[in-house]
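>>> Next come a sequence and a model predicted from it.
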Amino acid sequence: MSEKSSTGKGFAFVNSGTVITGELLVENDLSIEGTVKGIIRATGTVSVHIQGVVEGEIQAASVKIGGKVTGNVTANDRVILENKAVLVGDLRTRELIILEGAVFHGKCEMQSGAKAKA
């Protein structure tokens with residue numbers, strides 16, 4: 001399903017109860033409330049909501065995790081781990097925000113100034 005985000009750009013949505021296996025290539029933003037098993041590459045923000053699950057790699061401009069991600073995450077700009085987030089995997093980004101209650105098991109590589117290479 002593709003809609004328009006608040007910025008006017010298109011975004012894709014993985015609904016609760018949906019399971020996608022394989023590689024997702026998304027122009028702009030991706031919102032996940034279901035399960036994705038595989039590689040996600042997005043030019044915008046990937047948001048994994050509280051009921052969302054990702055088993056695989058995420059590469060995007062920004063990543064916001066409220067659910068569970070098992071796999072490596074690379075974000076050019078920023079990664080936000082919300083209070084119920086679980087990230088098991090390595091992380092590479094320019095800016096990292098971890099809210100109280102989030103769980104992160106892995107290695108973090110911070111990119112100074114320049115954007116991270118996806």
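That came through fine. Residues are numbered from 1 along each chain as shown.
>>> just so I have it, where are all the helices in this protein?
Taking DSSP state H, the chain contains no helices at all.
>>> Run through the bridge partners of the closest residue to residue 69 other than its chain neighbours.
The shortest distance from residue 69 to any non-neighbouring residue, by Cβ to Cβ, 6 or more residues apart in numbering, is to residue 54 (4.5 Å). All C-beta spots, glycine's among them, are computed from the backbone N, C-alpha and C. Per DSSP bridges, the residues bridged to residue 54 are residue 36, residue 69.
>>> now swap in the one 10 residues further on and tell me
With DSSP bridges applied, residue 64 shows beta-bridge pairing to residue 47, residue 80.
>>> count of neighbours near it?
Per other Cβ atoms under 10 Å, the neighbour tally for residue 64 reads 20.
>>> show me the contacts for it.
45-48, 79-80, 82 (Cβ atoms under 8 Å, 6 or more residues apart in numbering).
>>> Do I have it right that residue 88 meets residue 69?
Yes. Residue 88 is within contact range of residue 69, at 7.3 Å (criterion: Cβ atoms under 8 Å).
>>> Which single one of the contacts of residue 64 is nearest to residue 32?
Nearest to residue 32 among those is residue 48, at 4.9 Å by Cβ to Cβ.
>>> So what's the residue count around residue 76?
Count around residue 76 with other Cβ under 10 Å applied: 19.
>>> repeat for residue 84
Using other Cβ under 10 Å, residue 84 has 16 neighbouring residues.
>>> Hmm, residue 50 and it touching each other?
Yes. In terms of Cβ under 8 Å, residue 84 counts as a neighbour of residue 50; the distance is 5.3 Å.
>>> Mutual contacts of these two, please.
Both residue 84 and residue 50 are in contact with 66-67, where contact means Cβ under 8 Å, 6+ apart.
>>> So if I had to pick from residue 88 and residue 69, which one is more boxed in?
Applying other Cβ under 10 Å to residue 88 and residue 69 shows that residue 69 carries more neighbours, namely 31 against 14.
>>> so who does the residue nearest to residue 69 touch?
By Cβ under 8 Å, 6+ apart, residue 54 lies in contact with 32, 35-37, 40, 48, 67-71.
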